[in-house]
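Engineer: Sharing a model that was predicted from the sequence below.
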Amino acid sequence: MARWGRALIATGFFTGAGLSYPAPASLPLALPFHYLVDRACYTAAARVVPGLLGEDAFEAVLTGPWNLLARLESTLPGAGAGALACMRVDLPNEGHLLAALHLARGGLHVTVNVDDGIERAYALLSGAEEPSVEAAASRDLLASWRRCFPRDAPALRILSAPEAFDAAVLAARPLLVKLHGTLGRSPDGVVLPLGPLLADADVTDLGLARTAAVEALAAEAFVVVTGYSGSDLASYAAIVERLEPGRFSWVAPGVRHEVRSQLRAIDPRQPVAAKPEDVLRRHLAVTLPWPSSHARGRGFEGRFAAWSAALAPEVAAEAFAWALSDAGRHPEAVPLLDRLAAATGERQTTLRLADAIAARGEAGDAAAAARIFRRATRGADLEVRAYSLVRWAECRADAGGGAIAGAAVASTARRRRQPGGRVLAATAVVGIVLSRLERHVTQTATSRSRRLALGALTAAASRYAAGALARSAHAPAGRRRALLQRQAVELETIAALLAGRPAPTETLRSLRLLSQTFAHLEDRASRADTLTTQALAWLSRGETARARHALREASRLQPKSSGVRRAVRELLDRAGSPPSDGQEASPAVTLRA
């Protein structure tokens, strides 16, 4: 029996692009699709500033985690969704038909795909739709497939808008959940998982609504993950964290080394080398012929060529420049954005330019970026004003200015209940509190009153951060929310030190996950800050050797020191040298008098 034999009792499937790759659907896999999008944006950017961008700039964006689709959508609504609209299925393949049969028998299917292959297959099998003229050769074969379709199968329920992901609906069967939206028969359309902020395009967390759908899948008797590469951190983390040994099969012709290692740590029998249609065929005990050649008609290639030809060069160039800046390619990103801002006069493009200048970090860049952000607040709408205020405060690195910006953003966010505004406000305000705590935390061992005052400040900031995180939990999370999560964990760690107790194990787990998030985003500075906080947590638990190791790793990633790093070094000096073999670990570092 094949290693997925237990999947015969499965009722839950999780799929990716591999399901829609075989003919006649013939849609591209995830990496080739993103290659095409990135190449289209690079070509447009190269036309805007001839001679500026070499092939290495394209490679830097292509090999990183930068989501060009989300950047396109943020730059011009509809631009990114237009690329996804090319993923329409002219004729479903065998995998789609088998998935539709699984659903018709009361199944649950969660997919990261936006294509309409499964929906079209369900409609064909139920008789709600007939094959197109171009697919007439499939008519005779379809009759055999329809005889396998339950006559009493209800209409297919499709969820694609996160606001509809409530517990009652997730309990319905048959149910097809489209985590990133759909091109099919749902009125919701494509839903790109955009963050609530101008700067959040690379989603690292699905948000509570989409995560609830993954949890519903994980609650099934058995889960089959197939046709999925795991290349997007948000969906991959959500499903992998919920897989249990003996209750899942990960079926793919091949997987990346890091995915294989993580799966085998959960269940040594995983993954299984096979194709999606293999496991679906075995699961359903259905083996019927179906066309395996490309469908006639325009197809994906024709639709994508038309989309890329119609894409405005300045929109594609801005999305590419934004990714270049995040990839650390400032010599190309800044002049490209400067040219675009001068040509278009768009406020959002000007903000992108200010972001890139601030990230470049050369002498005078912070002041120059702060001036641009300050000017951008004049006559701006709430979202732009909030973003500009906080970025201005961060560039000034001035506690007073930061407090003003944080208070202003907090006030407007409360009035309009915008989760993005709340996160912006919280990162600004909590950042100010942390800068004060980091300056004074090592001085509290001899001052009970100061320790109590800092403890109260830490508790108040923790409540504020927790509130902002709770109110933004339903939105997909990007870099800014991850930064607030890191700040919140640092506050927890400082609170443990002030109270003379070890940081909880959950704090260390949160730090480990945050470190993985920032590694995925290639954000060395934030990962270094996370490792520094990890060192502080290890110190509170008396693990000085581990604390020193974490601090060394932080210094390797980001040589520039920080307030908390200096505090950790001082506390390590107080703790003394690491124990040699056979000696007991140093007692936990506390801040009690």
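Structural biologist: Structure received. Residues are numbered from 1 along each chain as shown.
Engineer: use CA for all of it now, contacts and neighbours both
Structural biologist: OK.
Engineer: Grab the nearest non-local neighbour of Gly563.
Structural biologist: Nearest residue to Gly563 in three dimensions, chain neighbours excluded: Glu438, at 5.2 Å (CA to CA, 6 or more residues apart in numbering).
Engineer: how much space between that neighbour and Thr458?
Structural biologist: 11 Å (CA to CA, to the nearest Å).
Engineer: same check, this time on Arg385
Structural biologist: 28 Å.
Engineer: How about Ile372?
Structural biologist: 33 Å.
Engineer: more crowded one of the two?
Structural biologist: Between Ile372 and Thr458, counting by other CA atoms under 10 Å, Thr458 is the more crowded of the two (24 against 19).
Engineer: Assumed that one was part of a helix.
Structural biologist: Yes - per DSSP: H, G, I helix; E, B strand; the rest coil, Thr458 lies within a helix segment.
Engineer: ok, how many other residues are close to Gln262?
Structural biologist: 14.
Engineer: which SSE is it in?
Structural biologist: Per DSSP states H and E, Gln262 falls inside helix 257-266.
Engineer: ditto for Ser249
Structural biologist: For Ser249, the host element (DSSP H and E) is strand 248-251.
Engineer: Next, the buried residues of stretch 224-233.
Structural biologist: Judged by neighbour count (16 or more other CA atoms under 10 Å), stretch 224-233 contains these buried residues: 224-230, 232-233.
Engineer: Give me the below-cutoff pLDDT ranges for the stretch 251-400 of the chain.
Structural biologist: By pLDDT under 70, the low-scoring segments of the stretch 251-400 of the chain are 295-297, 397-400.
Engineer: one more time with 50, if that's ok
Structural biologist: 399 (pLDDT under 50).
Engineer: cool, the stretch 51-200 of the chain as well?
Structural biologist: Scanning the stretch 51-200 of the chain for pLDDT under 50 picks out the ranges 185-188.
Engineer: at 80 what do you get?
Structural biologist: Applying pLDDT under 80 to the stretch 51-200 of the chain flags the ranges 132-137, 161-164, 182-200.
Engineer: which stretches of it form helices?
Structural biologist: Along the stretch 51-200 of the chain, the segments classed as helices by DSSP state H, counting those that start in this stretch run 55-62, 68-75, 79-84, 94-104, 117-126, 139-148, 167-170.
Engineer: Which neighbouring elements make contact with the third one?
Structural biologist: Using 3 or more CA pairs under 8 Å, 6 or more residues apart in numbering; DSSP states H and E as the contact definition, the elements that helix 79-84 packs against are helix 68-75, helix 299-310.
Engineer: Now do the first one: distance to the chain's middle.
Structural biologist: Just to be clear, that refers to helix 68-75. Centre-to-centre, helix 68-75 and its host chain are 14 Å apart (CA atoms, centre = their mean, to the nearest Å).
Engineer: Counting by contacts, list what that helix packs against.
Structural biologist: Helix 68-75 is packed against helix 30-48, helix 79-84, helix 313-326, with contacts defined by 3+ CA pairs under 8 Å, 6+ apart.
Engineer: How about the shortest one, which residues are buried there?
Structural biologist: Of the residues in helix 79-84, those buried by neighbour count under the rule 16+ other CA under 10 Å are 79-84.
Engineer: repeat for the longest one
Structural biologist: Taking 16+ other CA under 10 Å as the basis for neighbour counts, the residues of helix 30-48 that come out buried are 30, 33-46, 48.
Engineer: Show the contacting residues for the residue nearest to Arg360 when sequence neighbours are not counted.
Structural biologist: Excluding the flanking residues, the one nearest Arg360 by CA to CA, 6+ apart is His330, at 5.7 Å. Residues in contact with His330, defined by CA atoms under 8 Å, 6 or more residues apart in numbering, are 324, 356-357, 359-360.
Engineer: circling back to that earlier point, deepest of the helices of the stretch 51-200 of the chain, which one?
Structural biologist: Comparing these by mean neighbour count (mean count of other CA atoms under 10 Å), helix 94-104 ranks first with a mean of 26.
Engineer: circling back: of all the helices and strands packed on helix 79-84, which one is nearest Glu490?
Structural biologist: helix 68-75 (29.9 Å; CA to CA).
Engineer: quick one: average confidence on stretch 542-553?
Structural biologist: Here stretch 542-553 scores 93 as its mean pLDDT.
Engineer: I meant to write stretch 218-231 there.
Structural biologist: Mean predicted confidence for stretch 218-231 is 93.
Engineer: which outside residues touch that stretch?
Structural biologist: For stretch 218-231, the surrounding residues in contact (CA under 8 Å, 6+ apart) are 6-7, 9-19, 217, 236, 239, 242-243, 247-252, 255-256, 259, 275-276.
Engineer: so how far is that stretch from its chain's centroid?
Structural biologist: With CA atoms, centre = their mean, you get 18 Å for stretch 218-231.
Engineer: Could I have the CA atoms of that stretch written out in CSV?
Structural biologist: Only the C-alpha atoms of stretch 218-231 are listed here, as CSV (Å, rounded to 0.1, in the frame of the first residue of the first chain):
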residue,chain,number,x,y,z
ALA,A,218,-6.6,20.6,10.6
ALA,A,219,-9.5,19.4,12.7
GLU,A,220,-10.5,16.9,10.0
ALA,A,221,-9.7,13.2,10.5
PHE,A,222,-6.9,13.3,8.0
VAL,A,223,-5.3,16.0,6.0
VAL,A,224,-3.6,15.7,2.6
VAL,A,225,-1.4,18.5,1.4
THR,A,226,-0.5,18.3,-2.3
GLY,A,227,0.6,20.4,-5.2
TYR,A,228,1.9,22.9,-2.7
SER,A,229,5.5,24.1,-2.6
GLY,A,230,5.3,26.0,0.7
SER,A,231,7.1,29.0,-0.7
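Engineer: how far off helix 257-266 does the host helix or strand of Ala238 point, in degrees?
Structural biologist: Taking DSSP H and E as the definition, one finds Ala238 inside helix 233-240. Here the directions of helix 233-240 and helix 257-266 differ by 20 degrees (axes from the mean of the first three to the mean of the last three CA atoms, to 10 degrees).
Engineer: elements contacting helix 233-240?
Structural biologist: For helix 233-240, the packing partners by 3+ CA pairs under 8 Å, 6+ apart come out as helix 208-218.
Engineer: Report the contact partners of Thr530.
Structural biologist: 486, 511, 514-515.
Engineer: what about it, distance to Ser515?
Structural biologist: 6 Å.
Engineer: Let me know how buried Glu258 is, in neighbour terms.
Structural biologist: When neighbours are counted by other CA under 10 Å, Glu258 registers 8.
Engineer: so how far is Ala104 from it?
Structural biologist: According to CA to CA, Glu258 and Ala104 sit 35 Å apart.
Engineer: tell me which strands and helices the helix or strand just after the helix holding Gln262 is in contact with?
Structural biologist: With elements assigned by DSSP H and E, the helix or strand that comes after helix 257-266 is helix 276-284. Helix 276-284 sits against helix 94-104, with contacts defined as 3+ CA pairs under 8 Å, 6+ apart.
Engineer: Brilliant, that's me finished.
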